[in-house]
Structure formats: C-alpha cells, structure tokens
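A.B. asks: okay, here's the prediction I keep looking at, along with the sequence it came from:
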Amino acid sequence: MKIKNLLLAMFCIGTAFTSFAQTSDAEAEAIINLLGVQKKEAVAKLVPVHGKDSIAFWKLYEEYHQKNLATGKQRIKLYEQTAQAYNNMTPKIADSLATQYFANRFGQEKSLEEYYKKIKAATNAVIAFEFYQAEVYLLTQIRASIMQQIPTYGQFAAIFKKNP
C-alpha cells in the first residue's frame, strides 16, 4: 500500500509541471530531482538489495539518475513544445515533435540497457532484472499519468471545432 501512495505522490509531482507555461532549466531540474528522490524510494521497495550488492547497486543507480537528468529535462521541454504547438499545428511541427519524442525515448531506453548491464556485472542478473522491471514500471506509470493530463491533438482540435 505504501508503494501506491508513493506512486500517487510521484504522479502529482510529475503532472504538476504540465501546468507551467514555461519551465526554466532550474525549475525543470528541481522537478526532475524531486521526482528522482521519490522514484528512488519506490525503487528501494521494488529492488531489495543487501550487503555489498547494495553498495554497488545504489552507486550505479545514482549514476543512472544523474545521467538521465538531461533526458528528463528534455522531456519536460517536449511536453511544453507540444502544448504550445497545439494552436498552430502543421505537418512539419508534428513530424518534428514525433522525431524528438522518438530520440528522447531511445536515449532513455539505451541508458536503461547500459545500466542494466553495469548493475548485472557489479551484482547479479536478478538484481539487474529487478532494476529493469522497476524502472520500466515507474517510467510507464509516470508517462501514463502525464499523458492522461494532456489531451491528444485530435481531442484538442475536436474541442475547438465544437466551440468556435
């Protein structure tokens, strides 16, 4: 039950940034850091590590978190760009946004694979797999929560067609 409460708090913070018209780099970093702290607490519950494995795991997890700060900030900026583009969507803008989302997600997946391998080498495959599952679970939950707060472009356009 505690994990559900923690995830709920993470989602509230994760969706809070969608209300910002413009998020500065400092604000984006603060949001990512706060979300990172809460995510770390959830990972601690989902990846039970002990002894020397714990020291190696948490050292690598911190590296993983630091490496992905830029990816998280970029994702926030993409959400903002998407919201701003809704009023003036063109095929070129839509293609640019999609390409940026693909690149962002690819970078995140590549980092996840890199740290899975590092954690496996430093601990064992079971702990690395638990890390992988926890990260995918949490990232999926966070993304789903954010996307539930943002209408699709089709939904947005339909609203304005009904209400000229």
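C.D. replies: Everything's here; your move.
A.B. asks: Glu29 and Lys92: what is the separation?
C.D. replies: Glu29 is 30 Å from Lys92, where distance means C-beta to C-beta, to the nearest Å. All C-beta spots, glycine's among them, are computed from the backbone N, C-alpha and C.
A.B. asks: who are the contact partners of Leu46?
C.D. replies: Residues in contact with Leu46 (C-beta atoms under 8 Å, 6 or more residues apart in numbering) are 3, 130, 133-134, 137.
A.B. asks: which one among these gets closest to Ala70?
C.D. replies: Lowest distance from Ala70 to the contacts of Leu46 (C-beta to C-beta) belongs to Ala134, with 21.2 Å.
A.B. asks: distance of that closest one from Phe57?
C.D. replies: Distance, Ala134 to Phe57, by C-beta to C-beta: 11 Å.
A.B. asks: find the residues that touch each one of these two.
C.D. replies: Val47.
A.B. asks: between Glu29 and Lys92, which is the more surrounded one?
C.D. replies: When Glu29 and Lys92 are compared for neighbours, Glu29 comes out ahead with 17 against 8, by other C-beta atoms under 10 Å.
A.B. asks: tell me which element the more buried one is part of?
C.D. replies: Per DSSP states H and E, Glu29 falls inside helix 25-46.
A.B. asks: what residues of that helix count as buried?
C.D. replies: 28-29, 31-32, 35-36, 38-39, 42-44 (16 or more other C-beta atoms under 10 Å).
A.B. asks: distance from the chain centre to it, please.
C.D. replies: Mean-position distance between helix 25-46 and its chain equals 10 Å (C-alpha atoms, centre = their mean, to the nearest Å).
A.B. asks: still on that earlier bit, of the contacts of Leu46, which belong to helices?
C.D. replies: Cross-referencing those against helices under DSSP state H gives 3, 130, 133-134, 137.
A.B. asks: from the residues you listed, which is closest to Gln66?
C.D. replies: Using C-beta to C-beta, the ones in helices among the contacts of Leu46 come closest to Gln66 at Ala134, 17.6 Å.
A.B. asks: which residue packs closest to the closest one, ignoring adjacent ones?
C.D. replies: What sits nearest to Ala134 in space, not counting adjacent residues and going by C-beta to C-beta, 6 or more residues apart in numbering, is Leu46, at 3.9 Å.
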